[in-house]
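*Asks:* my questions are about this predicted structure, shown below with the sequence.
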Amino acid sequence: MHNIAAASGLVDLNVIPTAIQGVNIVVSKPVVEPRGSFIRLFCEEELSSLLDGRKIVQINRSLTCKPGAIRGLHYQHPPHAEMKMVRCLKGRVWDVAVDLRRGSPTFLHYHAQELSVENNEMMIIPEGCAHGFQILEADSELLYLHTAAYAPDAEGGLRYDDLLLSINWPLPVSELSSRDQSHSLLSEHFQGLDT
Ligand SMILES: Cc1cn([C@H]2C[C@H](O)[C@@H](COP(=O)(O)OP(=O)(O)O[C@H]3O[C@H](C)C(=O)[C@H](O)[C@H]3O)O2)c(=O)[nH]c1=O
């Protein structure tokens with residue numbers, strides 16, 4: 001999708017779909033000039049078709065120190081299901097979205113890619129998809145934009161090493177929270193989440 005702003009040289013956001021419906025990559029085109037650079041991180045108007053009336057209600061940031069550490073994979077059950085937009089503010093991460101939607105043609109498939117300060121890319125993870133990441137550089141920071149508030153009692157989680165997902169993490173896992181270690185493995189009878 002080409003944005004009018006690009007024609008005028010203003011900062012803009014380009015949306016690239018992935019093989020998983022609703023998992024999109026937003027690329028911010030930097031304006032580079034003698035003082036440095038400027039990028040647009042988010043724009044409700046430019047992303048209105050993806051947001052489809054959703055509002056950002058919470059913005060979080062995480063710092064993860066040890067290369068190889070994994071956070072996730074998390075999602076929230078309805079009525080707290082959320083669209084999440086994640087962007088790397090420092091370092092490099094390998095970001096993963098897993099499709100858990102009942103009846104989806106890409107059920108239990110995942111999209112994974114590097115997010116970094118250099119590539120200026122943001123991943124959009126829709127409701128019904130789980131999110132997790134592994135940091136590739138020390139002290140990497142992630143920014144999260146959420147369309148639903150944090151609801152710990154509504155949180156679900158996947159094990160990073162679940163064989164039904166077979167996620168090919170780039171580094172040996174160096175750190176994992178006790179909570180993320182304790183998620184249950186998916187049953188082979190798991191039919192997916194209702195969204
Ligand atoms: C999300 C959140 C967390 N917290 C507290 C709860 C814990 O004491 C601490 C860390 O939370 P949690 O262990 O859930 O964070 P992660 O496991 O790193 O989860 C994060 O990384 C994965 C990959 C994600 O996708 C989550 O959206 C994101 O929150 O912050 C709050 O107080 N408020 C909040 O809104």
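*Replies:* Right, received. Where do you want to start?
*Asks:* now the strands for the protein?
*Replies:* 12-17, 24-29, 31-33, 36-38, 58-64, 70-76, 84-90, 92-99, 110-116, 121-125, 129-135, 140-146, 155-157 (DSSP state E).
*Asks:* per-residue pLDDT of the residue sitting furthest away from the middle of the chain, please?
*Replies:* The centre of the chain is farthest from one residue, residue 34, which by CA atoms, centre = their mean lies 32.0 Å away. Looking at residue 34, its pLDDT is 96.
*Asks:* nearest to residue 46, of the strands of the chain?
*Replies:* Residue 46 sits nearest to strand 12-17 of all the strands of the chain, at 4.8 Å, using CB to CB. Every residue, glycine included, has its C-beta placed from N, CA and C.
*Asks:* for the closest one, what does the pLDDT average out to?
*Replies:* Here the average pLDDT along strand 12-17 is 94.
*Asks:* for that strand, packing partners?
*Replies:* helix 4-8, strand 24-29 (3 or more CB pairs under 8 Å, 6 or more residues apart in numbering; DSSP states H and E).
*Asks:* any idea which of the ones you listed scores lowest on pLDDT?
*Replies:* Here the lowest mean pLDDT among these goes to helix 4-8, at a mean of 46.
*Asks:* excluding its backbone neighbours, what's nearest residue 56?
*Replies:* residue 145 (4.8 Å; CB to CB, 6 or more residues apart in numbering).
*Asks:* please apply the same query to residue 150.
*Replies:* Using CB to CB, 6+ apart, the nearest residue to residue 150 is residue 58, at 6.4 Å.
*Asks:* tally of neighbours for that neighbour?
*Replies:* For residue 58, the neighbour count with other CB atoms under 10 Å is 13.
*Asks:* any idea of the pLDDT on it?
*Replies:* For residue 58, the model assigns a pLDDT of 98.
*Asks:* nearest spatial neighbour of residue 18, chain-adjacent residues omitted?
*Replies:* Residue 18 sits nearest to residue 111 (CB to CB, 6+ apart), 4.4 Å away.
*Asks:* which residues does the residue nearest to residue 56 form beta bridges with?
*Replies:* Residue 145 has the following beta-bridge partners by DSSP bridges: residue 59, residue 85.
*Asks:* what about it, how many neighbours?
*Replies:* 19.
*Asks:* for residue 71, see how far away it is.
*Replies:* Taking CB to CB, to the nearest Å as the measure, residue 145 falls 16 Å from residue 71.
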